[in-house]
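A.B. asks: structure for this input, please:
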Amino acid sequence: MFNFEDANKKSKEAVDTALKSYSDTTKGFQAIAAEATEYSKKSFQDAVTHFETLAGVKSFEAAFELQTSYVKAYFEGFVSETTKLGEMYADLAKSAYKPYEAPIAAAVVKTAKSVSAATPAAA
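C.D. replies: Residues are numbered from 1 along each chain as shown. Sure, this is the predicted structure:
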């Protein structure tokens with residue numbers, strides 16, 4: 001017989017799980033956006049400072065050396081930042097999946113039992 005109280009309880013649990021997941025996901029995206037904004041501001045300020053310094057250089061060799069060191073530092077910073085953002089996205093994906101992990105595992109076990117019970121034994 002269908003039990004309305006159990007159905008209501010399961011429905012409430014599902015809605016609570018979804019709301020928590022949405023909240024955590026929103027916080028994760030906000031953290032990623034804040035990190036990207038900070039990196040953009042710092043990168044722009046570093047570029048302005050570099051070009052101000054570059055404008056005051058008197059020889060081609062000094063300009064070349066300055067430009068080389070700037071590009072190297074920029075590339076290292078970019079790789080570091082993209083790695084950090086990649087980790088933040090991975091953490092976001094893990095936290096978004098976390099509330100659904102147990103119910104999905106339970107459903108897989110239940111389905112596996114149903115399939116094995118319905119499948120006749122091999123001769």
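A.B. asks: how about the nearest residue to Ala73, chain neighbours excluded?
C.D. replies: Spatial nearest neighbour of Ala73, excluding adjacent residues (CB to CB, 6 or more residues apart in numbering): Asp46 at 7.9 Å. For the C-beta atoms, the positions are set from N, CA and C on the backbone; glycine is no exception.
A.B. asks: contact partners for that neighbour?
C.D. replies: Shown in contact with Asp46 (CB atoms under 8 Å, 6 or more residues apart in numbering): Ala73, Tyr74, Gly77.
A.B. asks: which stretches of this structure have low pLDDT?
C.D. replies: The chain contains residues with pLDDT under 70 at 1, 120-123.
A.B. asks: pick out the residue closest to the middle of it.
C.D. replies: In the chain, the residue lying closest to the centroid (CA atoms, centre = their mean) is Tyr89, at 1.0 Å.
A.B. asks: that one against Ile32, yeah?
C.D. replies: Yes. Under the criterion of CB atoms under 8 Å, Tyr89 makes contact with Ile32 at 6.8 Å.
A.B. asks: biggest helix in this protein by residues?
C.D. replies: Of all segments of type helix in the chain, defined using DSSP state H, the longest is helix 60-118.
A.B. asks: rewinding a little: check contacts around the residue nearest to the centre of the chain.
C.D. replies: Ile32.
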